[in-house]
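Student: Dropping a prediction and its sequence here:
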Amino acid sequence: MNIILLGPPGAGKGTQAEILVEGRGMVQLSTGDMLRAARTSGTEMGDLVAGVMDRGELVTDEIVIGLIREQLEKGGSGFIFDGFPRTLAQADALANLLDEVGQSLDHVIAMEVNDEALVGRIVNRAKQAAAAGQPVRADDNEESLKIRLMEYYKKTSPLLGYYHAKGQLRWVPGLGEIDEVAAAIAGVLDA
Ligand code: ADP
């Protein structure tokens, strides 16, 4: 089974992906994590994406599609796409890539949250990281966050209509406790 976790920044996609990896042995493909790894690798691509990410903008479709292609070509199944696709072009590319490797998409899980909760969560994440002496993400500040939210509404939220039209969209409430959200997602996967 291959799924997409779709939702604005701070919706809890990464947290839920982790639960699915542990509980079901699925494979998380987070373009955010891949890009954060790339930016510390000293490669040209890393330098290219660092500024864009820190501002809260989207990196180019070409780069993220390339990263996902690399992973899919390694084989396997049971993928959780986390933070990808974020544009309609990426969604089309994903459909083609899955087709090429003989896989398909089973569910697109949309996490329903409200903006105030998102801002609170992200500000909290930054505070907790700082308090624990851990690195704070450079894009977890109010200015980048505004841009990240706007990027989401402008470029990513159209995917809700796209996947609805394909009959693949499943809504889950994203605002509950972590295990409540996990249970809602499990309900979709086990239906
Ligand atoms: P968030 O916690 O905001 O959902 P991620 O960790 O998924 O963020 O991604 C962090 C940043 O990485 C994004 O703001 C963007 O700059 C870049 N990024 C991640 N995935 C994509 C993608 N699919 N397309 C374009 N940019 C991406």
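Tutor: Arrived safely.
Student: Can you read off the pLDDT for Ala126?
Tutor: pLDDT, Ala126: 91.
Student: swap in Val59?
Tutor: On pLDDT, Val59 comes in at 97.
Student: correct me, but it touches Leu35?
Tutor: Yes - here Val59 reaches Leu35: they are 6.3 Å apart, a contact under Cβ atoms under 8 Å. For the C-beta atoms, the positions are set from N, CA and C on the backbone; glycine is no exception.
Student: Name the residues contacting each of those two.
Tutor: Counting by Cβ atoms under 8 Å, 6 or more residues apart in numbering, the common neighbours of Val59 and Leu35 are Val49, Met53.
Student: so how far is the ligand from the residue most central in space within the chain?
Tutor: With distances taken as Cα atoms, centre = their mean, the residue of the chain nearest its centroid is Gly83 (1.7 Å). Plainly put, Gly83 is 3 Å away from the ligand if you go by Cβ to the nearest ligand atom, to the nearest Å.
Student: quick one: contacts for that residue?
Tutor: With contact taken as Cβ under 8 Å, 6+ apart, Gly83 is in contact with Leu5, Lys13, Ser30, Thr31, Gly32.
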